[in-house]
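[1] Build me a model from this:
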Amino acid sequence: MQDPIDVAPGTIVVYSDIWCSFAHIAVHRLHEARTRARLDDQVRFDHRAFPLELLNKGPSPRSGTDSEVGRMASMEPGAGWQLWQSPDWLYPTTTLPALEAVQAAKAQGLDASERLDLALRKAFWAESRCVGDRTVILECAKAAGVDAAHIAEALDDGRARRTLSDQAETAATDRVDCSPHLFFADGGDVANPGIEVGWAGDYGVGWPVVSSDDPSVYDAIVRRAAADPR
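    From the prediction side, this is the model:
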């Protein structure tokens, strides 16, 4: 039997990738639900990597993400979206440095890693910025109120790389189903909350077919986390 996912009380562990449009929706809805419930000081999000490029043995294609934007944006426009507007050569070929930076930011607290994670997602999905680029990562950190000098040092010496690799190893097991997959301190979990989705055609050629979407589940999710005292 595999060890359970470790989750601190008052925390929601979120396995995801920045490349994932469903995770972009989930993270946006988590932040919105937490604020709506006035739980910003009580519930934290512990972001962990579900690196699609390692699990799929290659970077996510632009054709795949482009095919998702229209459908996902119609479900949660407030998250911020646009079709890729920058030059093709600026489309990221990796999100690993960004995922590593989010782990490194935890040295400044989970709130810092939350802010950097959200800034990086918006940079990619809403601003067509290359989140695999060091300069973009550091600009996102500064804009999010995270100590960018610390993030730069962490990227230089790789202090969070082992953590990222360990999370990727866990993501490759059957304990984590997809991006996003949420885990709670009470031992429960939920994958891609509120959304039932299939796919028409091959990824990068077809498009997502969403059969149901219930954003209200996020209100229950943050209350569930708050019920576990910190």
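[2] use CA for all of it now, contacts and neighbours both
    Will do.
[3] quick one: contacts for residue 103?
    By C-alpha atoms under 8 Å, 6 or more residues apart in numbering, the residues touching residue 103 are 47-48, 113, 160, 163-164.
[4] Now, those residues that are in strands?
    47-48 (DSSP state E).
[5] Turn the contacts of residue 103 into a markdown table, columns for distance to residue 202 and pLDDT.
    Output for these, formatted as a markdown table (distance: C-alpha to C-alpha, whole Å; pLDDT from 0 to 100):
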| residue | distance to residue 202 | pLDDT |
| --- | --- | --- |
| 47 | 29 | 98 |
| 48 | 27 | 97 |
| 113 | 34 | 98 |
| 160 | 34 | 96 |
| 163 | 32 | 96 |
| 164 | 29 | 96 |
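[6] Quick check: nearest residue in space to residue 6, chain neighbours excluded?
    Leaving aside its chain neighbours, residue 6 sits nearest to residue 185 (7.5 Å; criterion: C-alpha to C-alpha, 6 or more residues apart in numbering).
[7] what about that neighbour, neighbour count?
    20 (other C-alpha atoms under 10 Å).
[8] Quick check: the gap between it and residue 51.
    23 Å (C-alpha to C-alpha, to the nearest Å).
[9] Check residue 146 too.
    With distances taken as C-alpha to C-alpha, residue 146 is found 23 Å from residue 51.
[10] Which of those two has more residues huddled nearby?
    residue 51 (28 against 22).
[11] Name the residues that touch stretch 37-45?
    Stretch 37-45 has contacts (C-alpha under 8 Å, 6+ apart) with 10-14, 34, 110-111, 114, 219, 222-223, 225-226, 230.
[12] quick one: terminal-to-terminal distance for it?
    Span of stretch 37-45 from end to end, C-alpha to C-alpha: 15 Å.
[13] Give the buried residues for that stretch.
    39, 42-45 (16 or more other C-alpha atoms under 10 Å).
[14] got it, and stretch 174-190?
    Those would be 176-185, 189, for stretch 174-190 by 16+ other C-alpha under 10 Å.
[15] show me the contacts for the spatially closest residue to residue 86 that is not a sequence neighbour.
    Closest residue to residue 86 apart from its sequence neighbours, by C-alpha to C-alpha, 6+ apart: residue 128 at 5.8 Å. Contacts for residue 128 were tallied using C-alpha under 8 Å, 6+ apart; they are 82-86, 91.
[16] residue ranges of the helices in this protein, please?
    21-36, 52-55, 62-75, 96-104, 110-125, 134-143, 148-157, 161-171, 217-226 (DSSP state H).
[17] and the residue lying closest to residue 208 once chain neighbours are set aside, how many residues sit next to it?
    Nearest residue to residue 208 in three dimensions, chain neighbours excluded: residue 199, at 4.6 Å (C-alpha to C-alpha, 6+ apart). When neighbours are counted by other C-alpha under 10 Å, residue 199 registers 11.
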